[in-house]
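Asks: model the structure of this input:
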Amino acid sequence: MASWTHPMEKINNVTEFIFWGLSQNPEVEEVCFVLFSFFYAVILLGNLTIMLTVCTGNLLKSPMYFFLNFLSFVDICYSSVIVPKMIVDLLAKNKTISYVGCMLQLFGGHFFGCTEIFILTVMAYDRYVAICKPLHYMTIMDRKTCSKMLLGTWIGGFIHSIIQVALVAQLPFCGPNEIDHYFCDVHPVLKLACTDTYIVGVVVTANSGTISLGSFAILLFSYSVILVTLRKQSAEGRRKALSTCGSHIAVVIIFFGPCTFMYMRPDTTFSEDKMVAVFYTIITPMLNPLIYTLRNAEVKNAMKKLWGKKVFWTSGKWLEVLI
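Replies: Presented below is the predicted three-dimensional model:
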């Protein structure tokens, strides 16, 4: 009896993918290696500093810093999924990644990227409650509620990424295996599938687009209401509120702009995609700590206290002295 095989059940002949990378010019790659190695070091140092400051500076009691702490953690995880491999590949002759490694990178990128979007949205809601309903702030944003919101961001990120990976993993890859990118992302990988990916592309775009557009709409609404409310406050109150919100708005613009360009469009790729991706995989995680530190007096004060400590060994025990 003749057996019938569904087109989507084709044997996957591809065991690894080859990245084209950011550039095919060795001299440019050497410059990029130094530059992005520095950027990654700043990402790790900056975000770890924020986390250390929030945890040791007794700021975790504040919902805003509770979420900022996890935003820094997600930034480290997100960039670490992509950047170290990219840095190594800049000096490698063969920029390869296994099929399983590619799927894991795709999952990790979308998991942490989507989680970051949700955390930024939750932080916008936190600022809305703080400014528009100050008398009820600690009641609405208590620790239990914040923990539930944080858990929701992780669950949302997981559901989004598992859908993306499931859609790509069930496709047959039997021909070309060269990806015109520096990491595994949905659109470049879909181009290599040896079957029609129109339906999958539509679902992938709808999945990413709904999250990006929905979150961005919530952010716009939150800050519109905040700006209207600030008109009724004193000059000093407006200054403090805008200082906090300004840093958040800057992060949102830097992160959501490139993400919108990449994921809220049909299943197509452009030559500019790689440079745009640099913004949300490297630049945003690097700038987040700088933006929040430079524009936030409370974080700066906590950092001064943290780094103003000297530890001495006296009489057989450690003593901390503030300078």
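
Asks: ok, the residue nearest to the spatial centre of the chain - contacts?
Replies: When the chain is reduced to its mean C-alpha position, the closest residue under CA atoms, centre = their mean turns out to be G113, at 3.8 Å. Remark: with contacts taken as CB atoms under 8 Å, 6 or more residues apart in numbering, G113 is in contact with Y78, G157, C259, Y280. (Glycine included, C-beta is placed from N, CA and C.)

Asks: per-residue pLDDT, it?
Replies: Turning to G113, the model gives it a pLDDT of 91.

Asks: same question, L104
Replies: As predicted, L104 sits at a pLDDT of 96.

Asks: that one belongs to a helix?
Replies: Yes. With DSSP: H, G, I helix; E, B strand; the rest coil as the criterion, L104 is located in a helix.

Asks: any chance you could map the strands in the stretch 51-200 of the chain?
Replies: Assigned by DSSP state E, counting those that start in this stretch, the strands in the stretch 51-200 of the chain fall at 96-98, 178-179.

Asks: what about this structure, any weak spots by pLDDT?
Replies: Residue ranges of the chain with pLDDT under 70: 1-12, 236-237, 240-244, 261, 263-271, 294-298, 306-323.

Asks: redo that, cut-off 80
Replies: In the predicted model, the chain carries pLDDT under 80 at residues 1-14, 57-58, 175, 230-273, 291-323.

Asks: pull the most distant pair out of the contacts of G113.
Replies: Taking CB to CB as the measure, the contacts of G113 span a maximum distance of 14.6 Å, between G157 and Y280.

Asks: and the strand or helix carrying V202, how far out from the chain's middle?
Replies: Using DSSP states H and E, V202 maps to helix 198-230. Averaged C-alpha coordinates place helix 198-230 at 15 Å from its chain's average position (CA atoms, centre = their mean, to the nearest Å).

Asks: would you mark the buried spots in that helix?
Replies: Within helix 198-230, the residues that qualify as buried by neighbour count (16 or more other CB atoms under 10 Å) are 200-201, 204-205, 207-208, 211-212, 215-216, 218-219, 222-223, 226, 229-230.

Asks: and stretch 119-127, by the same measure?
Replies: Counting neighbours by 16+ other CB under 10 Å, the buried set in stretch 119-127 is I119, L120, T121, V122, M123, A124, Y125, D126, R127.

Asks: how much space between S215 and V276?
Replies: Computed as CB to CB, to the nearest Å, the S215 to V276 distance reads 18 Å.

Asks: the strands of the stretch 51-200 of the chain: which one's closest to K300?
Replies: With CB to CB, the closest approach to K300 among these belongs to strand 96-98: 40.7 Å.

Asks: what residues does that closest one touch?
Replies: Looking at strand 96-98 with CB under 8 Å, 6+ apart, the contacting residues turn out to be T15, E16, F17, I18, F19, K85, Q105, C184.

Asks: of all those residues, which two lie farthest apart?
Replies: The two members of the contacts of strand 96-98 with the most space between them (CB to CB) are T15 and K85, at 17.4 Å.

Asks: these two - which one has more neighbours?
Replies: K85 (19 against 11; other CB atoms under 10 Å).

Asks: looking at the buried residues of stretch 119-127, which is nearest F255?
Replies: Of the buried residues of stretch 119-127, the one sitting nearest to F255 (CB to CB) turns out to be L120, at 6.9 Å.

Asks: how about the nearest residue to D89, chain neighbours excluded?
Replies: If you skip the residues right next to it in sequence, D89 has K95 as its closest partner in space, 4.1 Å away by CB to CB, 6 or more residues apart in numbering.

Asks: quick one: contacts for the one you found?
Replies: The contact partners of K95, by CB under 8 Å, 6+ apart, come to I18, F19, W20, G21, D89, Y182.

Asks: please, a PyMOL command that selects the buried ones among those?
Replies: Buried residues within the contacts of K95, as defined by 16+ other CB under 10 Å, are selected in PyMOL through the command that follows:
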select buried, resi 19+21+89+182
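
Asks: T281: how many residues sit nearby?
Replies: Counted with other CB under 10 Å, residues neighbouring T281 total 22.
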